[in-house]
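# With the sequence up front, the predicted model follows.
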Amino acid sequence: MTSRACSRAPAVRGAALVAMVAAFALAAGPAAAQTNQAAKGRGPIANTPDQTIKGSAMAVEGDLLTVNGTAVRLMGIDAPDPGQKCKNRYGHELDCFKVATAVLANMVKGEEVTCTITEQDRTGEKKGECRVRGVDLGAAMVARGWAFQYASLSPAYQKGEAYAQSKRMGLWAGQVEKPWQWRSRQLRETVK
């Protein structure tokens, strides 16, 4: 075999492999696509087909809304929990849960909210991305410093958090414990 023929052999094999995979996918049809969606936690089998909910909303927490009575957790962020305190830039203690909830409430007040539900956890809680006038509420909460990005779930809000931290906005202005750290500490103290 010439060196030219040898260099083309892997390309020919690769093209044949791609053709076989495409033929299999066509033969498998919609059942394969449905199974793949279910594996990702989406689609008709998982009963969460990227459903959209629109309407008026109320802030329940800094990362939880009810839209037309349906609770939706903002995906990829974590806001302070009930009872969680923090300190402002002057060292004065404040209820950071109430403040974060009030900030989210002001963002949705009198506005139509559109949420795309992408996940439902084992407890039935719906999670997704919610927008007002095209603005992602999760991104806005993080960029204003009233919620933290949940990096293990999504790196989408990393720049917004870096901005808020660099400008010492919201919770970054003083001292605050990240909500997941606060919850862990509360759990440890309860067990003692």
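It's in.

# alpha carbons only for contacts and neighbour counts from here, please
OK.

# Just the pLDDT for the closest residue to residue 93 other than its chain neighbours.
Of all residues not flanking residue 93 in the chain, residue 87 sits nearest, at 4.4 Å (Cα to Cα, 6 or more residues apart in numbering). Turning to residue 87, the model gives it a pLDDT of 90.

# now swap in residue 15 and tell me
pLDDT for residue 15: 38.

# related to what we said a few turns ago, do I have it right that the residue nearest to residue 93 meets residue 170?
No: using Cα atoms under 8 Å, residue 87 is not in contact with residue 170, being 10.6 Å away.

# any shared contact partners between those two?
Where contact means Cα atoms under 8 Å, 6 or more residues apart in numbering, no residue is in contact with each of residue 87 and residue 170.

# that older thread, dihedrals phi and psi, the residue nearest to residue 93?
phi -120, psi 140 (degrees, to the nearest 10).

# In contact with it: list those residues for me.
Residue 87 neighbours (Cα under 8 Å, 6+ apart): 93, 94, 174, 175, 176.

# which one of the residues you listed sits closest to residue 81?
residue 176 (11.7 Å; Cα to Cα).

# bridging residues for residue 71?
Legend: beta-bridge partners of residue 71 under DSSP bridges are residue 66.

# Contact partners for it?
64, 65, 125, 126.

# Repeat the analysis, applying 10 Å as the threshold.
57, 58, 59, 60, 64, 65, 124, 125, 126, 127 (Cα atoms under 10 Å, 6 or more residues apart in numbering).

# Flag the least confident of the contacts of residue 87.
Among the contacts of residue 87, residue 176 has the lowest pLDDT, at 86.

# which non-adjacent residue is nearest that residue?
residue 86 (4.8 Å).

# ok, so what distance separates that neighbour from residue 146?
11 Å (Cα to Cα, to the nearest Å).

# where do the contact lists of these two overlap?
Joint contacts of residue 86 and residue 146 (Cα under 10 Å, 6+ apart) are 80, 96, 97, 171, 172.

# Can you tell me which of these is nearest residue 117?
Among the shared contacts of residue 86 and residue 146, and counting by Cα to Cα, the member closest to residue 117 is residue 80, at 22.1 Å.

# Nice, that's everything, thank you.
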